[in-house]
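Asker: return atomic coordinates for the entry below.
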Amino acid sequence: IRKSSSSASVVSAATYASGIAVAPNSLIAVFGNGLAASTVQATLDSNGQLPTTLAGTKVQINGQAAGLIFVSSWQINCVVPSNTAVGLATVIVSASGTQVGAGTVSIATTVPGLFSADGSGTGAAAAVNAITYAGPPFPVQTQQNPATDQRTRVSLFGTGIRYAGNPSRDP
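Answerer: Sure thing, here's the model as predicted:
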């Protein structure tokens, strides 16, 4: 039985905001119906690479295979190929060789997005103390910091910034 192709919505995996561009090498979420036959989370191969097929599902962005992180019948999380050109991109989802979803997304060189602590795409940023890895609230000083400057450093989790300030990609 051939599945009919449905529309797919493509957004930043950090913000889930529609109508916003995404960047090469950024994490995206693709939403639709019937995108995969099962729910599977990827593991890296022996070279540290993500698979481009997961549970028989593939995502192509302008004809290039995307690295897959997670697939389910209604959501796919993947990585925009690093050499995806700036401009409007076509996203095609295939399951067992049949197109099951299609959409478009704008590609820009950098599109910063911070992940949220609750995974909603809004609200407080996903952040940890860079020394202790503890979550908020953050003290002004981190006593465990071995440096003389014990001010607390915070690690934020984001996407869409790989090429920021890179003169060959972001003039």
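Asker: residue 161: which element?
Answerer: If you go by DSSP states H and E, residue 161 is not part of any helix or strand.
Asker: residues touching the closest residue to it other than its chain neighbours, list them.
Answerer: Distance criterion Cβ to Cβ, 6 or more residues apart in numbering; nearest residue to residue 161, sequence neighbours excluded, is residue 112 at 5.0 Å. No exception for glycine: its C-beta is placed from N, CA and C like everyone else's. Neighbouring residues of residue 112 by Cβ atoms under 8 Å, 6 or more residues apart in numbering: 158-161, 164.
Asker: pLDDT value on residue 112, please?
Answerer: Reading off the confidence values, residue 112 has pLDDT 93.
Asker: so which elements touch the lowest-mean-pLDDT helix or strand in the chain?
Answerer: Sorting the helices and strands of the chain by mean pLDDT, DSSP states H and E puts strand 6-7 at the bottom, at a mean of 85. Counting contacts by 3 or more Cβ pairs under 8 Å, 6 or more residues apart in numbering; DSSP states H and E, strand 6-7 packs against strand 98-107.
Asker: need the contact partners of the helix or strand just after the strand it packs on.
Answerer: Once the chain leaves strand 98-107, the next helix or strand it forms, by DSSP H and E, is strand 113-114. By Cβ under 8 Å, 6+ apart, the surrounding residues in contact with strand 113-114 are 12-15, 26, 125-126, 156-160.
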